[in-house]
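Chemist: build me a model:
(4 chains)
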2 protein chains.
Amino acid sequence: MPGFATDQLLQGLSVDCVIFGFHQNELKVLLLKLKQLDMWALPGGFVGVTEDVDQAATRVLSERTGLEDIFLQQFFLFGDASRHRAGHGARLAELGAIPAEWADWLDRRFVTLGYYALVEYSRVKAPKPDQTSESCEWCALNALPKLMLDHSEILTKAHDTLKKHLNDQPIGLNLLPAQFTMPELQALYETVLGTTLDRRNFQRKMLGYGILNRTGKRMTGAPHKAPWLYEFDEEKYRLALQAGLNTGW
Amino acid sequence: MPGFATDQLLQGLSVDCVIFGFHQNELKVLLLKLKQLDMWALPGGFVGVTEDVDQAATRVLSERTGLEDIFLQQFFLFGDASRHRAGHGARLAELGAIPAEWADWLDRRFVTLGYYALVEYSRVKAPKPDQTSESCEWCALNALPKLMLDHSEILTKAHDTLKKHLNDQPIGLNLLPAQFTMPELQALYETVLGTTLDRRNFQRKMLGYGILNRTGKRMTGAPHKAPWLYEFDEEKYRLALQAGLNTGW
DNA sequence: ACAAAAGTGTTATTTCTACACCCATGC
DNA sequence: GCATGGGTGTAGAAATAACACTTTTGT
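Modeler: This next block holds a predicted model:
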């Protein structure tokens, strides 16, 4: 991390990451609890002067989750002039979260680039808070706490984008364990979309994409027929990400 | 326009507009010919300190084309650290296009937000060059001149995005005259997509979206049956833009 | 034995695709 | 009258939606 030496950072530009995880049939987002404030924030950061913006987002993701090589994609630049952190820097300085000389820098106008990431819930052992926050936790999407600034809007837009992308992109790699059952994959889709889907039609459609391999193993332990375990064919998965699934025209 | 007083602009952030027009069955883009350089550029600009980023893009569009209320949409932030205008400011200063004191400001690293716009070709009477360029012209997409920096990449990405958006968004309003024939609309689609489409199936599909009104008038003058004139139902068009056309899941 | 949940298959419906035929207009 | 290109309809194929029966497993 380039640290917090403001002269080593691009001014007025931040990145904020909406990090989605999937656990117990719920879509969750990784949020930071701000120090001594009853408010939460998306994990975010600034961009080093010699750092690609994508790199900065990757770094933020890795700092909070410890994960590398994760699906991460920019989805929108929030650039309204009204977007500023009036008093936020000063407040953080008061709380001792940052040195006083950073307060001014932080209080200027910022535009922020939103990224969304899909990560496997169980691989994130102990999410780490940053210096301005006291904890970093998974929050269920349907029971979100109060978020700072326009972070609710960013989060909503990330979710909307994800739903839209589901129409021509596969989802699941990095969000599910390496091996998973068809019902689990379906539950993921249903959760993201907020609907229910027909079991059999879902399976047919999904297999039709040709990005799944049946491992030959089954998931045992439940009092019913053991479902097959699948895994993604990563090569084909990546191709599908690029080319899109439903060609449309 | 906030002018070019660098202290009134956000540092390190620019907007570049890919302005598409449609004329003689060709997709065209509005480009600027740089002064005394055999190179072209996308119309772009900087963001005033109290200006929304969207506003800045709208302003650039309006400055070059004179048009207001046009479909304009951000599609990507180009944020690689390697994106800088090394020597570009100095060169412009030498040419007298800008005052010397701006050269340094311009030569720093910039990230640029790409917008694409769809405008009606015939409504742009005399596109106006900015102060660093000697002319502003429509260029056919399949015969592009050499572009400055990564502007080719930006343009390509804009076109790709447009093609993708065609799968769930209508297109045509602001790109065609207020009244147009079905074959004209089809030609637009074919041009954007770079394919040919079946006349009858296209018509059925398009009418199925329910965003067109048949005016009752016909387009006469050609040596064949006169085609109907249609216009967009703007209300429904806008709804379709928001909700998407092919629901997918 | 039973409940729960997965596997698989079938049919009806809708949508998409690929065509063919007729109609108006200017030369 | 004829070439050009638009208007409309229709049969076959394909994709989607709706639904039923069988199988496996833990209790």
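
Chemist: kindly report the domain assignment for chain A.
Modeler: Structural domains assigned to chain A are A:6-148, A:180-243, following automatic domain parsing.

Chemist: and these, which one's lowest on average pLDDT?
Modeler: Ranked by mean pLDDT, the domains of chain A bottom out at domain A:6-148, which scores a mean of 90.

Chemist: is it positioned near chain B?
Modeler: Yes - under the criterion of C-beta under 8 Å from any C-beta of the partner chain, chain B is reached by domain A:6-148 at A:10-13, A:47, A:49-55, A:74, A:76-77, A:79-82, A:109, A:111, A:113. C-beta here means a position set from N, CA and C on the backbone, and glycine is covered the same way.

Chemist: could the domains of chain A go into JSON lines alongside distance to B:P183 and mean neighbour count?
Modeler: Listed next are those as JSON lines, based on distance: least, C-beta to C-beta, whole Å; neighbours: other C-beta atoms under 10 Å in any protein chain shown:
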{"stretch": "domain A:6-148", "distance to B:P183": "36", "mean neighbour count": "18"}
{"stretch": "domain A:180-243", "distance to B:P183": "30", "mean neighbour count": "14"}
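
Chemist: any chance of these in a markdown table, plus distance to DNA strand C?
Modeler: As requested, the domains of chain A are exported to a markdown table (distance: least, C-beta to the nearest atom of the strand, whole Å):
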| stretch | distance to DNA strand C |
| --- | --- |
| domain A:6-148 | 11 |
| domain A:180-243 | 3 |
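
Chemist: contacts for the top helix by length along chain A next, please.
Modeler: Of all the segments assigned as helix in chain A under DSSP state H, the longest by residue count is helix A:151-165. By C-beta atoms under 8 Å, 6 or more residues apart in numbering or on different chains, the surrounding residues in contact with helix A:151-165 are A:16, A:18, A:20, A:27, A:29, A:40-42, A:75-76, A:78, A:112, A:114, A:116, A:141, A:144, A:147, A:171, A:192-193, B:168, B:244.

Chemist: and what of stretch A:85-105?
Modeler: For stretch A:85-105, the external contacting residues (C-beta under 8 Å, 6+ apart) are A:4, A:6, A:11, A:35-37, A:106-108, A:110, A:131-132, A:148-149.

Chemist: out of these, which are inside helices?
Modeler: Using DSSP H, A:L106, A:D107 are the members of those that sit in helices.

Chemist: farthest pair in the contacts of stretch A:85-105?
Modeler: Across those, the longest distance by C-beta to C-beta is 26.9 Å; it joins A:Q11 and A:Q36.

Chemist: pretty sure A:E137 contacts A:K128?
Modeler: No - in this structure A:E137 lies outside contact range of A:K128 using C-beta atoms under 8 Å: 11.1 Å.

Chemist: rewinding a little: of the contacts of helix A:151-165, which belong to strands?
Modeler: Among these, the members falling in strands are A:16, A:18, A:20, A:27, A:29, A:40-41, A:75-76, A:78, A:112, A:114, A:116 (criterion: DSSP state E).

Chemist: dump the residues you listed to CSV, plus distance to A:G221.
Modeler: Supplementary listing: the ones in strands among the contacts of helix A:151-165 in CSV, determined by distance: C-beta to C-beta, whole Å:
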residue, distance to A:G221
A:D16, 39
A:V18, 33
A:F20, 27
A:L27, 24
A:V29, 29
A:W40, 36
A:A41, 39
A:F75, 38
A:F76, 42
A:F78, 45
A:T112, 44
A:G114, 39
A:Y116, 33
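
Chemist: please report the distance of A:A93 from B:P43.
Modeler: Relative to B:P43, A:A93 is positioned 41 Å away (C-beta to C-beta, to the nearest Å).

Chemist: again but with A:L229, I slipped
Modeler: 53 Å.

Chemist: and A:L113, by the same measure?
Modeler: Distance, A:L113 to B:P43, using C-beta to C-beta: 22 Å.

Chemist: list the contacts for A:A41?
Modeler: Contact analysis of A:A41 by C-beta under 8 Å, 6+ apart lists A:L31, A:L32, A:L34, A:S133, A:L147, A:M148, A:L149, A:H151.

Chemist: now do 7 Å
Modeler: By C-beta atoms under 7 Å, 6 or more residues apart in numbering or on different chains, the contact set of A:A41 is A:L31, A:L32, A:L34, A:S133, A:L147, A:M148, A:H151.

Chemist: tell me the helices and strands packed up against the strand or helix carrying the first one.
Modeler: Remark: A:L31 resides in strand A:26-34, with elements defined by DSSP states H and E. Helices and strands touching strand A:26-34, as assessed by 3 or more C-beta pairs under 7 Å, 6 or more residues apart in numbering or on different chains; DSSP states H and E, comprise strand A:9-23, strand A:40-41, strand A:133-140, helix A:182-193.

Chemist: what strands flank that strand, and is each parallel or antiparallel?
Modeler: Using DSSP bridges, the strands paired with strand A:26-34 in its sheet are strand A:9-23 (antiparallel), strand A:40-41 (antiparallel), strand A:133-140 (antiparallel).

Chemist: which residue, other than its chain neighbours, is closest to A:T65?
Modeler: Excluding the flanking residues, the one nearest A:T65 by C-beta to C-beta, 6 or more residues apart in numbering or on different chains is A:V124, at 4.7 Å.

Chemist: does A:V18 touch A:Y116 like I think?
Modeler: Yes - contact status for A:V18 versus A:Y116: in contact at 4.5 Å, counting by C-beta atoms under 7 Å.
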